[in-house]
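> Mind looking at a prediction? Sequence and model below.
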Amino acid sequence: MKNDLLKKLGETKLKELISRYYSSEKISDLIEEFQLDIKISGLYKLFPLKELKDNKCAYCNIALKQRYPSRSSLKYNQPIAFCGTCEHRDIFDCFCNHCKVIENEMGLHAIAEHQRKIGGIQTIRTDNVNLTDLSLMQAISLLGMCRLGRGEDSDLISPVNTYYPELAPTEMMTIDIVESLYAKQLIDIALTTPEGTVTFNEVGSLIDFDLLNVHWCLNLSKNESNNVDLIEQLEEMVRKKELWPNTWEGELLDIWKELALHQCYRYLQILVEDHGFQFRAGKKTRKILSVVLEDFSILKSYYFIWVAVHNAASYYLRNTTSKRQAANMIIGDIQRRSERALAEEWDVKEYSKNSRCGESILIALFSTLTTSLGRGFFTKIPVISAFSNTTRDCAN
Ligand SMILES: [Zn+2]
Ligand SMILES: [Zn+2]
């Protein structure tokens, strides 16, 4: 068609037509004068392609071509220049075959660069970690992470946020645990961690990382493949009390208390959110719940928590108080009621485990592998004498 127009008019006449079209002459007059059999809106589409002598294809080194724009679109945008040979288009996000190859190469380059930076912050071990240097808490935390996130025969551990069940009863505790394992250089950020999960400054130093979403790898050995063997040794060590370092026994009660406390936080948090209240466990909550757990098991502590949250909810409904004020009453209620229960020797009933407040892997490992507490973890008061009939060596 375009050639037809050129053939019909000849080069000189065509140039004149184009020039007069853009000098805003009436299109119907032009069509008539040049004796063209076309619609008014179709005229500019018949103009031949322009060759842009100063704009060459980056791949073929020949002049790019461009269509003539319509008069009305002239002030908005220019048609995109393109290569008649390779179809490359002169735009930022061209998808021609050449540009796709370049983009892939750049993508691979970016990945390699990202991995180089991760490699730069990894700890290089010169020897194997001595497993007896680990605390009991670190040992079961590491086993927990491996059980939930490690693939078969692999030293890679998936992000903590993907675990089911959770690693620890609360996110607060999970963060503390993972931070401790990382600080002790028992785990490292894996090369496979996605770009968005770590932030570097211009000189490649680590500024920040998303602790719950980074990919981890074991860092127990100078030799990657030994990591898996060392985890198996650690599991054996936790299981058999005769292999325990001297310090572990002394940690048992503290671990129980800490896990129990966080299990109560979690129960409290679930009930509070069910009632649309906002509540953050702070120092006061920690103090009061720790005192409650000195005299009551977790399931009995649930009773005080349950009653306090329901009292606050009904107080909120009956009075013109804010949710915040109502929520603030909860912890005081737990304190008063538990003190009265103790003074008046109430027979406090055990509340059942809430299905949404299930057992995290740490509680499972602690109550079955490290001790033989089993359900006693929830039904006994966390005191040292509770272990006397339940620690594994006595049970065996
Ligand atoms: Zn080209
Ligand atoms: Zn292209």
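Looks like it arrived, so ask away. Ligands and ions are numbered 1, 2, ... in the order given.
> hang on, isn't residue 277 packed against residue 326?
Yes. Counting by Cβ atoms under 8 Å, residue 277 touches residue 326, with 6.6 Å between them. Where C-beta positions appear, they are placed from N, C-alpha and C, glycine not excepted.
> near ligand 1, which residues of the stretch 1-150 of the chain?
Within the stretch 1-150 of the chain, the positions lying close to ligand 1 (Cβ under 5 Å from the ion) are 57, 59, 60, 83, 85, 86, 88.
> at 8 Å what do you get?
By the rule Cβ under 8 Å from the ion, the part of the stretch 1-150 of the chain lying against ligand 1 is 57-62, 64, 83-88, 96, 98.
> longest helix in the chain, by residue count?
Of all the segments of type helix in the chain, defined by DSSP state H, the longest one is helix 246-274.
> follow-up on the earlier one: quick check: neighbours shared by residue 277 and residue 326?
312, 313 (Cβ atoms under 8 Å, 6 or more residues apart in numbering).
> Can you give me the buried ones in the helix or strand in which residue 119 is found?
For residue 119, the element it lies in under DSSP states H and E is helix 97-121. Across helix 97-121, burial judged by 16 or more other Cβ atoms under 10 Å covers 98, 99, 114, 117, 118.
> Run through the neighbouring helices and strands of the helix or strand just after that helix.
Sequence-wise, the next helix or strand downstream of helix 97-121 (DSSP H and E) is helix 136-149. Applying 3 or more Cβ pairs under 8 Å, 6 or more residues apart in numbering; DSSP states H and E, we find helix 136-149 packed against strand 156-157, helix 171-183, strand 216-218, helix 226-239, helix 246-274, helix 361-364.
> chain center to helix 136-149: distance?
Between the centre of helix 136-149 and the centre of its host chain there is 20 Å, according to Cα atoms, centre = their mean, to the nearest Å.
> I'd assumed residue 359 was in contact with residue 168.
No. Taking Cβ under 8 Å as the definition, residue 168 is not a contact partner of residue 359, at 10.8 Å.
> Between those two, which has more neighbouring residues?
Between residue 168 and residue 359, residue 168 has the larger neighbour count (other Cβ atoms under 10 Å), namely 26 against 19.
> quick one: the residue lying closest to that one once chain neighbours are set aside and residue 341, what's the gap?
Nearest residue to residue 168, sequence neighbours excluded (Cβ to Cβ, 6 or more residues apart in numbering): residue 174, at 4.4 Å. Using Cβ to Cβ, to the nearest Å, residue 174 is found at 31 Å from residue 341.
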